[in-house]
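Engineer: Below: sequence and its predicted model.
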Number of protein chains: 2
Amino acid sequence: MERITGKYFIETPFDVENAAQVLAGEQSSGTFIAVPGETEELKARFAARVESITHLETVNSPAIPGASSKHNLYHRANIEVSWSVENFGYNLPVLISTLQGNLYELTQFTGLKLMDIELPESYSNHFRGPRFGIEGCRQLTQVYKRPLIGTIIKPSIGMTPAQTAQLVQVLAEAGIDFIKDDELLSKSANSSFNDRVDAVMKVINNHADKTGKKVMYAFNISDEIDTMLRRYEYVINAGGTCAMLSLNSVGLAGVKKICDQRELAIHGHRNGWGMLNRHPLLGIEFPAYQKLWRLAGVDQIHVNGIQNKFWESDDSVVRSIEACLKPLANGTTALPVVSSGQWGGQAFETYRRTNTTDLLYMAGGGIMAHPDGPGGGVVALQQAWKGAVDGLSQDQAVQRYSEFANSVKKFGSKA
Amino acid sequence: MERITGKYFIETPFDVENAAQVLAGEQSSGTFIAVPGETEELKARFAARVESITHLETVNSPAIPGASSKHNLYHRANIEVSWSVENFGYNLPVLISTLQGNLYELTQFTGLKLMDIELPESYSNHFRGPRFGIEGCRQLTQVYKRPLIGTIIKPSIGMTPAQTAQLVQVLAEAGIDFIKDDELLSKSANSSFNDRVDAVMKVINNHADKTGKKVMYAFNISDEIDTMLRRYEYVINAGGTCAMLSLNSVGLAGVKKICDQRELAIHGHRNGWGMLNRHPLLGIEFPAYQKLWRLAGVDQIHVNGIQNKFWESDDSVVRSIEACLKPLANGTTALPVVSSGQWGGQAFETYRRTNTTDLLYMAGGGIMAHPDGPGGGVVALQQAWKGAVDGLSQDQAVQRYSEFANSVKKFGSKA
């Protein structure tokens, strides 16, 4: 029978083997009490199994306070625990409760992080994965052989639909591929959802009629289920191609319900991610996290960016991009959304480390505050990526491309 | 205009006032760029506001690693930040993205925890809150003036519907008020959901016909939206009164959709909670957390227990119980679910500290492994609570009640 494996990074003041067994016990059959008809076979069928333990360093203070060790010794290890698919079938919420449930509460651990999940063949076949993914998003935007260039409507909140549409007009004329609502805005007192869709899509549709280029706009439909479904339909009827969901805020069942409609590309925003990931020994790592959302059907997912303005390391960003590009459900991939402090200068390092242009590359100030105007800003980002792919250094790209040279002059010192 | 206030416990190597302003900026209008027609009034209307700062201790090492301070000084403070209801209306997912979104990623913080949320009058009126709550759950079970006594089907997974029903029969005859599926089981290879409902409800309905007492069974319906709705209907048609949801795994939009059906009491399991709460300076505290789920309509919510087997302190458990009992949406309350290592001995301390019997008090071994059998176990729990409410000490209760005395003999040494 197929099994699903969770890979954990743990810290414990107890014997590592025992702590791992407690985790496996708590997350499956637990402490068995005698039940009529219960056999050893039945226990073996449903019990979680500790598959491997790799001992790491021992430290003298606990990663998470609260538990204490007599000898001030806390042992770290990588462990793998597996469950039979028979325990939960293809039920993602119960899979999450199994992999990430009560185990974080066990006193046996002073640190516990879910690093990755290994899914069997049938799991990958059962879930269709994203309807669009990388190839589908490229087709919708007609952008090939370079990252999609995108931006976020700023200020995050406070603009009227007319003001938003005005900005979209500027960005569309600048040659942008993708625009999104901020996660703080779905419907505000001065920007009703439908009015914003109407105003924005009028601009986008007109621009598409004139130029043949349809800008993808991710409208933030995050809300209750019925409201999200209504907004989803509204976006389709207005000619839109994309909807945005705040993954952690909406939650998995809601996100899957929306993805299952399979008519719009779904832009997955991971706000709240820091709460789940920021501590090195608590929560979940992105390679595990993104698998759950891709099984649910998310087409685009945020990965932060190289040299970002947040706390995340470049190494973590690179691992996240690579994770999205590995085929999962039915061989599908998800489009990594690179953002946070990006202006083009990071294209070289991003490409050097990931060797891909299958990205949605988001910049804010790098476009709107470009010395040659937003049009210059978009061109500069395209130039940076062309230079990176052609093997130029940033300095060589500056020599070749004047708009990118102006980006470096204005934004380069921040890098 | 009404405002919603988030109360945060923060740690920062920077100036506390500046860090608080960065949080407010990131979570509202952000850095404003010039937009035609934008006025100072508009900014003031939508910008988040730092309402108060209470300086606390300064420490020499960061709570969360990753950021560093030149002088190794990390300042702690309680801060309050408010947002106008106009920013998001009555949209719970966007409220969550606002209160718990990108702010955890800011390098300005080496620790950040959402401690509580203050909701204005209109918010509390807009959401109906739980359909049943404490009073409704008492009516459904006909239990008054003492906690509902409950238990969890163990082993968590591996039993057939017939075996589960056999155990339910034993527990019903023992006089139990409430039984629940484990969060690891919704449908397994040898326990289909419908078969389990059929088998269990046959026992419960028969028992109710004979005795007039209908045991409340929380069937774990956690899954995708359509499946949850189907299972919900199935439980209703079988005569059930309760369904269980794993709150964090299903997510807020899905949970609200189910609660909105308003025919079954919803048992909210918070597995995964340790990931969100275990670090003292990362995540969210229960007083804030439970408000979101109660607005969504959850009737019963887990709070751990006094002297529990997990890491959580008694103080935290007491705060959690008190939080559930404060009226919120339309003056409703939620039934606190006390569990983890409970056998009755904790009733005295639980009552002493909370002065309430409005609890669902869950015990496992304390019932099934009682020397006088499960019937003795249930009676012993009722005796413990009667003793606690009557002001007896544990020793005095032992003198008065023989079943409880046997509990103390068997389980007392673990306390």
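Structural biologist: Received the coordinates, thanks.
Engineer: Would you map the strands across chain A?
Structural biologist: Taking DSSP state E as the test, the strands found in chain A are A:3-12, A:49-59, A:74-84, A:111-118, A:148-152, A:178-180, A:216-220, A:242-246, A:265-269, A:282-284, A:300-302, A:335-338, A:360-362.
Engineer: can you tell if the first one touches chain B?
Structural biologist: No: with Cβ under 8 Å from any Cβ of the partner chain as the criterion, chain B is not reached by strand A:3-12; the gap is at least 12.1 Å. All C-beta spots, glycine's among them, are computed from the backbone N, C-alpha and C.
Engineer: and the angle from that strand to strand A:74-84?
Structural biologist: Here strand A:3-12 runs at an angle of 160 degrees relative to strand A:74-84 (axes from the mean of the first three to the mean of the last three Cα atoms, to 10 degrees).
Engineer: Just the buried positions in strand A:3-12, please.
Structural biologist: A:Arg3, A:Ile4, A:Thr5, A:Gly6, A:Lys7, A:Tyr8, A:Phe9, A:Ile10, A:Glu11, A:Thr12 (16 or more other Cβ atoms under 10 Å in any protein chain shown).
Engineer: returning to that earlier point: tell me which of the strands of chain A lies nearest to A:Gly377.
Structural biologist: Nearest to A:Gly377, of all those, is strand A:148-152, at 8.7 Å by Cβ to Cβ.
Engineer: For the closest one, which strands pair with it and how are they oriented?
Structural biologist: Sheet pairing for strand A:148-152, assigned by DSSP bridges, gives strand A:178-180 (parallel), strand A:360-362 (parallel).
Engineer: Quick check: mean pLDDT of the first one?
Structural biologist: Spelled out, it's strand A:178-180. Strand A:178-180 shows a mean pLDDT of 98.
Engineer: Now tell me what touches it from outside.
Structural biologist: Residues from elsewhere that reach strand A:178-180, judged by Cβ atoms under 8 Å, 6 or more residues apart in numbering or on different chains: A:141, A:148-153, A:168, A:171, A:215-218, A:220, A:242, A:244, A:267, A:360, A:362.
Engineer: if you set the cut-off to 6 Å instead, what comes out?
Structural biologist: Contacts to strand A:178-180, defined as Cβ atoms under 6 Å, 6 or more residues apart in numbering or on different chains, come from residues A:Leu148, A:Gly150, A:Thr151, A:Ile152, A:Leu171, A:Met216, A:Tyr217, A:Ala218, A:Met244, A:Leu360.
Engineer: Tabulate the residues you listed in a markdown table, adding columns for neighbour count and pLDDT.
Structural biologist: Below are those laid out as a markdown table (neighbours: other Cβ atoms under 10 Å in any protein chain shown; pLDDT from 0 to 100):
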| residue | neighbour count | pLDDT |
| --- | --- | --- |
| A:Leu148 | 24 | 98 |
| A:Gly150 | 31 | 98 |
| A:Thr151 | 28 | 97 |
| A:Ile152 | 18 | 94 |
| A:Leu171 | 28 | 97 |
| A:Met216 | 24 | 98 |
| A:Tyr217 | 30 | 98 |
| A:Ala218 | 28 | 98 |
| A:Met244 | 23 | 98 |
| A:Leu360 | 28 | 98 |
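Engineer: Residue ranges in the stretch 51-200 of chain A under the pLDDT threshold?
Structural biologist: Low-confidence segments of the stretch 51-200 of chain A (pLDDT under 70): A:66.
Engineer: follow-up on the earlier one: need the max-distance pair from the buried residues of strand A:3-12.
Structural biologist: It's A:Arg3 and A:Glu11 that sit farthest apart of these, by Cβ to Cβ, at 25.2 Å.
Engineer: that older thread, nearest to B:Asp395, of the strands of chain A?
Structural biologist: Of all the strands of chain A, strand A:3-12 comes closest under Cβ to Cβ, at 36.8 Å.
Engineer: How far off centre is that closest one?
Structural biologist: Chain-centre distance of strand A:3-12: 21 Å, with Cα atoms, centre = their mean, to the nearest Å.
Engineer: and it, what other elements does it pack with?
Structural biologist: strand A:74-84, strand A:111-118 (3 or more Cβ pairs under 6 Å, 6 or more residues apart in numbering or on different chains; DSSP states H and E).
Engineer: Would you mind listing the outside residues contacting that strand?
Structural biologist: For strand A:3-12, contacts defined as Cβ under 6 Å, 6+ apart pick out A:19, A:63, A:74-84, A:99, A:108-118, A:281.
Engineer: Skipping its backbone neighbours, what lies nearest A:Ser28 in space?
Structural biologist: A:Ala48 (3.8 Å; Cβ to Cβ, 6 or more residues apart in numbering or on different chains).
Engineer: Next: A:His207.
Structural biologist: Per Cβ to Cβ, 6+ apart, closest to A:His207 is A:Ala172, 4.3 Å.
Engineer: since we're on the one you found, how many residues are nearby?
Structural biologist: The number of residues packed near A:Ala172 is 24, by other Cβ atoms under 10 Å in any protein chain shown.
Engineer: how close does it sit to chain B?
Structural biologist: From A:Ala172 across to chain B, the span is 16 Å (Cβ to the nearest Cβ, to the nearest Å).
Engineer: so A:Cys242 sits right up against A:Lys214, yeah?
Structural biologist: No: A:Cys242 is beyond contact range of A:Lys214, at 10.5 Å (criterion: Cβ atoms under 6 Å).
Engineer: residues in the stretch 251-400 of chain A within reach of chain B, list them.
Structural biologist: Residues of the stretch 251-400 of chain A found near chain B (Cβ under 6 Å from any Cβ of the partner chain) are A:251-254, A:256-257, A:271-272, A:274-275, A:278-279, A:282-283, A:310-311, A:368.
Engineer: ok, now which ones touch the residue nearest to A:Leu264 when sequence neighbours are not counted?
Structural biologist: In this structure, A:Leu264 finds its nearest non-sequential neighbour in A:Ala243, 4.7 Å apart by Cβ to Cβ, 6+ apart. Shown in contact with A:Ala243 (Cβ under 6 Å, 6+ apart): A:Phe219, A:Ile221, A:Tyr232, A:Val235, A:Leu264.
Engineer: how about the nearest residue to A:Thr110 once chain neighbours are set aside, phi and psi?
Structural biologist: Nearest non-adjacent residue to A:Thr110, counting by Cβ to Cβ, 6+ apart: A:Pro62, 3.6 Å away. Main-chain dihedrals, A:Pro62, degrees, to the nearest 10: phi -70, psi 140.
Engineer: mind checking how far A:Pro62 is from chain B?
Structural biologist: Taking Cβ to the nearest Cβ, one finds A:Pro62 at 11 Å from chain B.
Engineer: and what of A:Gly345?
Structural biologist: 19 Å.
Engineer: Number of residues surrounding that residue?
Structural biologist: A:Gly345: 24 surrounding residues under other Cβ under 10 Å.
Engineer: Quickly note the distance from it to A:Ile179.
Structural biologist: 22 Å (Cβ to Cβ, to the nearest Å).
Engineer: re the thing from before, show me the residues of the stretch 251-400 of chain A next to chain B that map onto helices.
Structural biologist: A:Leu252, A:Ala253, A:Gly254, A:Lys256, A:Lys257, A:Gly274, A:Met275, A:Met368 (DSSP state H).
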